[in-house]
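# here is the input, now give the coordinates:
(chains A and B)
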There are 2 protein chains.
Amino acid sequence: MALIVQKFGGTSVGSPERIKNVAQRVARFHAQGHQMVVVVSAMSGETNRLIALAKEVQANPDPRELDVVISTGEQVTIGLLAMALKDLGVDARSYTGGQVRISTDSAYTKARILHIDDGAMRADLNKGRVVIVAGFQGVDDAGNITTLGRGGSDTTGVALAAALKADECQIYTDVDGVYSTDPRVVPEARKLDRITFEEMLELASSGSKVLQIRSVEFAGKYKVRLRVLSSFMEDPGEGTLITFEEDQDMEQAVISGIAFNRDEAKITVLGVPDKPGIAYQILGPVADANIDVDLIIQNVGRDGTTDFSFTVHRNEFQKALKVLNETVKPHIGAREVIGDDKIAKVAVVGVGMRSHVGVASTVFRTLAEEGINIQMISTSEIKISVVVDDKYMELAVRVLHRAFGLDGEPKAA
Amino acid sequence: MALIVQKFGGTSVGSPERIKNVAQRVARFHAQGHQMVVVVSAMSGETNRLIALAKEVQANPDPRELDVVISTGEQVTIGLLAMALKDLGVDARSYTGGQVRISTDSAYTKARILHIDDGAMRADLNKGRVVIVAGFQGVDDAGNITTLGRGGSDTTGVALAAALKADECQIYTDVDGVYSTDPRVVPEARKLDRITFEEMLELASSGSKVLQIRSVEFAGKYKVRLRVLSSFMEDPGEGTLITFEEDQDMEQAVISGIAFNRDEAKITVLGVPDKPGIAYQILGPVADANIDVDLIIQNVGRDGTTDFSFTVHRNEFQKALKVLNETVKPHIGAREVIGDDKIAKVAVVGVGMRSHVGVASTVFRTLAEEGINIQMISTSEIKISVVVDDKYMELAVRVLHRAFGLDGEPKAA
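Model (predicted):
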């Protein structure tokens, strides 16, 4: 008998029929003797409907009140799922974030979980009840309703698993696991049976949308055993397990996956005086403008000046350029600010590269053979990211996938 | 400066546009220096939508979980109204029933309010904030969400006014006040400027749908000054004030209003042994079957037997007949059970009848002159109810309205 946390997203609970399907899946686990905690999102489309309603009333909805409104989406789902389980003869009880109590800070619309009270859930589990918890929401010290931001239901699932010391947290989604890359780009992409937590983290931060990066971070911090499964397959099999041990027994692939995204734009400040504190003088005003920065690259200087490059989200490209041209450039005496929003980021990820030399050179050679120019390079211990021209992104992903021996049988369409 | 509780029903907050209109009305009162507490219902249609969704999942939805689901309707409205007020530059804060905290018993879907904590609301009011509270909902001792049953938002409004010792509770609705009778039946019906609490109670219990009877009872118990106003008129005027003093200075009408409904059916048990305990032996099994009884009439017996009549809701007519024929009749040895669901109840209400003889005879004479047979009669200190054939209901209401001098100018259509 295990304690299992299952999380079902919006499409999995998108209609009364689908909610009944989820209830049947949960009931099967419950019948096997497992203690079950189920986290659900709002029915698909519901959060967007509520946000649109709010914007009709106030163009920029008050964050506290927006959380009051949008948290109702998950509240409806928990009640409906509890009904569906009771209809199957399974005792179940729903909890809002506030009822659990999932304590968060007061950062409305993007709150962070501080503490979870497991008392009520534990008492229900000991009575054999299925516990159903609203994802995405919590409550601050003063009792105000908060939400965790988009994808926050994954985080709720992982946080509950951590608080309850669950044996496993299963994330049911519309794919059947984590792939070596996006099968829509590379039909030969393979489902991975296992992936390490660090690889998952790098994949998530590099554009893989299977799991929210915050939930992966949470899983890492609290060593939650995480599994990604399909909610639409009658038998989802084993999905992909995110582990904390590198499997020494298996023939470990050097690279686990290729991630990519074209959400970013690059900016370069040319002719920057090469002296201490210059990075802060450039990025401080950018951060003050609430613009997130991803890759940051500064090469060694020459003739007392250097060039400083970084990437931002494509939506914030113009805003960042404005800050740099109006505030930073005159202040530090840089020569010029240039930028390009027609770029894409491609990353190869794998714990295997720790012990294998030559991964970087394989990346560079493979791209060179296709005539793809690398504009920026950034590396971590288990990831190599390159920035290339937008139009070469799919090609880069396909050739790297093949070069690292990741191609499997083409996935049936 | 006064402390005013305003309650707006579902049609008054049925769209973003209408919510903005409510915000403007509240803002005007706030600008006049009043402390404002606003209670709102779910947007019109929303509660029915949520109930339908629940029934798709479970034919008879679990009551606890149904309350979790349907309480979201009001939660959406409070957030939206707070946004609308903030958009007008008025500081406002929304509260769910649980956040206030409105403590109820645990009778899901028909909970009763036990206690209201005024601490948080009072603190906000003292800061000049408009307090917005979700109607219809509360929370039990264990933190479970409860709802108060249909029309419960009126009760929330009155209960908050009582807890806060508000100067007035204003119920905004789709009519502009309480009328001497339904203007759709009698075009000459007059809007009443004032009505006593007891009259309002009798009117509400006799079919006037302007206020929920529970909210009127609550107002009576806690002496809440209640006013009914139109939410759709730009200037709703003074509406109708429900007072606790009979106004001695004014020329008091003997009768304030005529109420009516055709929701009931009558049942008579013929040839009942005339002995102590017989009423209980008849109505006990009816109550056990969860059937509410309204009028009860037993006349003096003759030859050791008597006839016992009562009315039930028309929807429960067949069920009540079944109980009487199968359980009661053989047990007490009654001769026969007969019934009729083509009846209507008409009631004349007025505190003036306490000091005026002849009200009853005026009722009976007026109906007799029109050839309307009276099937049952029941009286209280300020009300005379008669049961007549369904098809005479409108006629009975019109002739009684005229007989008691209630006719005014015909209301413009």
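# which residues sit in contact with A:A334?
A:A334 makes contacts with A:V269, A:L270, A:G271, A:V272, A:P273, A:V328, as judged by Cβ atoms under 8 Å, 6 or more residues apart in numbering or on different chains. (C-beta placed from N, C-alpha, C; glycine too.)
# let me see the confidence value for it.
Looking at A:A334, its pLDDT is 90.
# same check on A:M200?
According to the prediction, A:M200 has pLDDT 88.
# now name the helix or strand holding it.
If you go by DSSP states H and E, A:M200 is part of helix A:197-205.
# so after that helix, what's the next helix or strand?
helix A:213-222.
# return the residues of chain A in contact with chain B.
Counting by Cβ under 8 Å from any Cβ of the partner chain, the residues of chain A close to chain B are A:16, A:19-20, A:50, A:53-54, A:56-59, A:61-62, A:64-69, A:71-72, A:75-76, A:78-80, A:82-84, A:86-87, A:93-94, A:96, A:98-99, A:143-145.
# doesn't B:I78 make contact with A:V68?
Yes. The pair A:V68 and B:I78 qualifies as a contact (Cβ atoms under 8 Å) at a distance of 6.4 Å.
# who touches both of these two?
B:S94, B:T96.
# those two: which is more packed in?
Shown here are A:V68 and B:I78; by other Cβ atoms under 10 Å in any protein chain shown, A:V68 has more neighbours (31 against 28).
# contacts only, for that one.
A:V68 neighbours (Cβ under 8 Å, 6+ apart): A:I145, B:Q75, B:I78, B:G79, B:A82, B:S94, B:T96.
# please apply the same query to A:K165.
Here A:K165 is in contact with A:L3 (criterion: Cβ under 8 Å, 6+ apart).
# how about the closest residue to chain B within the stretch 251-400 of chain A, secondary structure?
In the stretch 251-400 of chain A, the residue that lies nearest chain B is A:N290 (21.3 Å; Cβ to the nearest Cβ). Taking DSSP: H, G, I helix; E, B strand; the rest coil as the rule, one finds A:N290 in the coil state.
# need the pLDDT of it.
For A:N290, pLDDT reads 85.
# next, count neighbours for it.
So A:N290, with other Cβ under 10 Å, has 8 neighbours.
# likewise A:G45?
There are 12 residues near A:G45, going by other Cβ under 10 Å.
# that one reaches A:V13, doesn't it?
No. Here A:G45 does not reach A:V13: they are 11.3 Å apart, not a contact under Cβ under 8 Å.
# so who does A:K127 touch?
The contact partners of A:K127, by Cβ under 8 Å, 6+ apart, come to A:D91.
# for the closest residue to chain B within the stretch 101-250 of chain A, report the pLDDT, please.
Here the residue of the stretch 101-250 of chain A nearest chain B is A:G143; by Cβ to the nearest Cβ that distance is 5.6 Å. We have a pLDDT of 96 for A:G143.
# chain neighbours aside, what residue packs nearest to it?
In this structure, A:G143 finds its nearest non-sequential neighbour in B:Q99, 5.6 Å apart by Cβ to Cβ, 6 or more residues apart in numbering or on different chains.
# with A:A142 instead?
Nearest to A:A142 is A:S106, by Cβ to Cβ, 6+ apart, at 7.4 Å.
# any weak-confidence spans in chain A?
A:207-208, A:246-253, A:409-413 (pLDDT under 70).
# surely A:M200 meets A:L211?
Yes. At 6.7 Å, A:M200 and A:L211 qualify as touching, with contact defined as Cβ under 8 Å.
# overlap of the contact sets of the two?
Listed as contacting both A:M200 and A:L211 by Cβ under 8 Å, 6+ apart are A:V178, A:L226.
# comparing these two, which shows the higher neighbour count?
A:M200 (28 against 24).
# now the more buried one: how far from B:A279?
Shown here: A:M200 relative to B:A279, a distance of 74 Å by Cβ to Cβ, to the nearest Å.
# same check, this time on A:T362
95 Å.
# which of the two has more neighbours?
More crowded of A:T362 and B:A279, by other Cβ under 10 Å: A:T362, with 18 against 13.
# any idea how far that one is from A:H401?
12 Å.
# just to revisit the earlier point, can you select the buried ones from the contacts of A:A334 in ChimeraX?
Only the buried entries of those go into this ChimeraX selection, using 16 or more other Cβ atoms under 10 Å in any protein chain shown:
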select /A:269,271,272,328
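# strands - which of the contacts of A:A334 land there?
Among these, the members found in strands (DSSP state E) are A:V269, A:L270, A:G271, A:V272, A:P273.
# can you count the residues close to A:E316?
So A:E316, with other Cβ under 10 Å, has 18 neighbours.
# and if you look at A:F136?
The burial count for A:F136: 29, using other Cβ under 10 Å.
# pretty sure it sits against A:L50.
No. Using Cβ under 8 Å, A:F136 makes no contact with A:L50, being 11.9 Å away.
# give me the common contacts of those two.
Common neighbours of A:F136 and A:L50 (Cβ under 8 Å, 6+ apart) are A:G73.
# the spatially closest residue to A:I296 that is not a sequence neighbour - how many residues pack around it?
In space, and not counting its chain neighbours, A:I296 is closest to A:F310: 4.6 Å by Cβ to Cβ, 6+ apart. A:F310: 24 surrounding residues under other Cβ under 10 Å.
# show me what A:F310 bridges to in the sheet.
According to DSSP bridges, the residues that bridge with A:F310 are A:I267, A:I296.
# looking at the residues of chain A next to chain B, which are in strands?
Using DSSP E, these in strands are A:R93, A:S94, A:I145.
# what is the nearest of those residues to B:G239?
B:G239 has its nearest neighbour among these in A:I145, at 34.2 Å by Cβ to Cβ.
# name the nearest residue to the spatially most central residue of chain A, sequence neighbours excluded.
Geometric centre of chain A, nearest residue: A:Q212, 2.1 Å, by Cα atoms, centre = their mean. Distances taken as Cβ to Cβ, 6+ apart place A:G151 nearest to A:Q212, at 3.6 Å, with adjacent residues excluded.
# tell me which residues touch the one you found, please.
Counting by Cβ under 8 Å, 6+ apart, A:G151 has contacts A:Q212, A:R214, A:S215.
# wait, what's in contact with the last one?
It stands for A:S215. A:G151, A:D154, A:T155, A:G157, A:V158, A:I171, A:L226.
# and the closest residue to it other than its chain neighbours, what does it touch?
Closest residue to A:S215 apart from its sequence neighbours, by Cβ to Cβ, 6+ apart: A:D154 at 3.6 Å. A:D154 is in contact with A:K7, A:G135, A:I171, A:L211, A:Q212, A:R214, A:S215, counting by Cβ under 8 Å, 6+ apart.
# quick check: of those residues, which lies closest to A:V346?
A:L211 (19.5 Å).
# how close does the closest one get to A:L226?
A:L211 is 8 Å from A:L226, by Cβ to Cβ.
# any common contacting residues for the two?
A:I171, A:M200.
# out of the contacts of A:S215, who's the most crowded?
Of those, with other Cβ under 10 Å as the count, A:G157 tops at 33 neighbours.
# how is it assigned, secondary-structure-wise?
A:G157 - assigned by three-state DSSP - is helix.
# spell out which helix or strand contains the residue lying closest to it once chain neighbours are set aside, please.
Computed as Cβ to Cβ, 6+ apart, the closest residue to A:G157 that is not its neighbour in sequence is A:K7, at 3.4 Å. Element membership for A:K7 (DSSP H and E) is strand A:3-8.
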